[in-house]
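Q: here is the input, now give the coordinates:
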Amino acid sequence: MNDTHAPGLVVVTGASSGIGEATVRHLRGLGTPVVAVARRRERLETLAGEVGCEVVAADLATAEGARALTDHVGARALAAVVANAGGARGVDPVEAAGGEEAEAVIGRWREMYDMNVVATLRTVTALLPALRAGGGDVVVVTSMAAREFYPGGAGYTAAKHAERAIPATLRMELLGEPIRIIEIAPGLVHTEEFSLRRLGDRARAEAVYAGVPGPLHAADVAEAIAWTLSRPAHVNIDLLEINPVAQAGATRVHRLTP
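A: Numbers count the residues shown, from 1 in each chain. Sure, this is the predicted structure:
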């Protein structure tokens with residue numbers, strides 16, 4: 001979506017909620033044509049009715065899902081793909097993988113790896129021909145967890161560290177091609193579902209953000225994504241880390257006392 005081909009078609013994954021949905025809304029507000037991708041068709045159709053995007057309901061961690069996306073894009077060139085699909089499940093300590101609930105814990109690790117790593121890998125590689133045709137950009141939304149560690153977070157941080165390897169390596173492998181590789185790494189973002197789906201309890205999810213004066217919101221990250229795409233064609237924002245002022249690390253968050 002840089003100055004050589006704006007406003008071309010952009011694919012946004014994980015578009016049924018949170019950062020993905022906010023990115024679709026922001027780009028459509030700029031007049032950019034968007035293909036919104038997620039597993040939940042009803043939410044996508046609601047979004048399409050509100051902002052006028054195209055939709056693909058697919059699980060991008062599967063070959064069938066990636067194929068459905070490429071079939072929808074067809075022979076069209078792409079200006080960008082925003083690989084945002086992902087998420088966290090549970091707060092299991094590492095030791096739990098060898099305990100009584102070992103299979104459930106390892107299942108959550110596998111789910112996080114599929115959501116964050118495999119889905120990103122399938123998405124980006126499936127769309128590379130369309131990106132090459134459009135001189136397009138690859139944006140991968142990782143997390144502060146791609147660079148830090150914290151107790152109870154090994155499954156998620158392991159997945160995000162692995163996901164980070166995709167854009168970092170691809171940037172080297174595509175050197176010389178006019179494809180920009182961008183990583184966006186947000187810190188604490190207050191969205192409707194991330195912590196709820198991780199913790200499975202609304203009270204515990206809300207406690208993650210309790211007392212924090214000004215956590216990030218999905219729209220903040222969406223605006224930053226659009227900004228990286230709008231830079232001149234010769235400018236690559238390799239990594240953009242975004243944190244609220246109240247956060248200085250994964251476990252260092254300022255909270256107001258009641």
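
Q: just how off-centre is stretch 159-176 within its chain?
A: 14 Å (Cα atoms, centre = their mean, to the nearest Å).

Q: quick one: contacts of it?
A: Contact with stretch 159-176 is made by 86, 109, 112-113, 115-117, 120-121, 124, 138, 140, 142-143, 145-147, 181-183, 185, 236, 238, as judged by Cβ atoms under 8 Å, 6 or more residues apart in numbering. (Glycine included, C-beta is placed from N, CA and C.)

Q: buried sites along it?
A: 159-164, 166-168, 170-171, 174 (16 or more other Cβ atoms under 10 Å).

Q: longest single strand anywhere in the chain?
A: Longest strand in the chain, counting residues (DSSP state E): strand 180-186.

Q: return the helix or strand following that one as PDB; C-alpha atoms alone will do.
A: Next helix or strand after strand 180-186 toward the C-terminus (DSSP states H and E): helix 194-199. Below are the C-alpha coordinates for helix 194-199, written out as PDB (Å, rounded to 0.1, in the frame of the first residue of the first chain):
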ATOM      1  CA  PHE A 194      -8.000 -11.900  23.800                       C
ATOM      2  CA  SER A 195      -7.800 -12.300  27.500                       C
ATOM      3  CA  LEU A 196     -11.300 -13.800  27.700                       C
ATOM      4  CA  ARG A 197     -10.400 -16.600  25.300                       C
ATOM      5  CA  ARG A 198      -7.100 -17.100  27.000                       C
ATOM      6  CA  LEU A 199      -8.500 -17.300  30.600                       C
END
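
Q: same for helix 194-199, what does it pack against?
A: Packed against helix 194-199 by the contact rule (3 or more Cβ pairs under 8 Å, 6 or more residues apart in numbering; DSSP states H and E) you find helix 202-207.

Q: tell me which other helices or strands the helix it packs on touches.
A: Packing partners of helix 202-207 (3+ Cβ pairs under 8 Å, 6+ apart): helix 194-199.

Q: figure out how far the helix it packs on is from the centre of its chain.
A: Averaging C-alpha positions (Cα atoms, centre = their mean) puts helix 194-199 15 Å from its chain's average.

Q: pLDDT weak spots in the protein?
A: The chain contains residues with pLDDT under 70 at 1-6, 258.

Q: if we use 80, what do you get?
A: Scanning the chain for pLDDT under 80 picks out 1-7, 257-258.

Q: neighbours of Arg39, how many?
A: Residues lying near Arg39 (other Cβ atoms under 10 Å) number 15.

Q: which residues does it contact?
A: 16, 57-59.

Q: just give me the closest of these to Ala130.
A: Checking the contacts of Arg39 against Ala130 with Cβ to Cβ, the nearest one is Ala58 at 15.7 Å.

Q: buried set for stretch 187-195?
A: 187-191, 194-195.

Q: quick one, whichever helix or strand Met172 is part of and strand 180-186 angle?
A: For Met172, the host element (DSSP H and E) is helix 154-173. Helix 154-173 runs at 160 degrees relative to strand 180-186, counting by axes from the mean of the first three to the mean of the last three Cα atoms, to 10 degrees.

Q: done for today, thanks.
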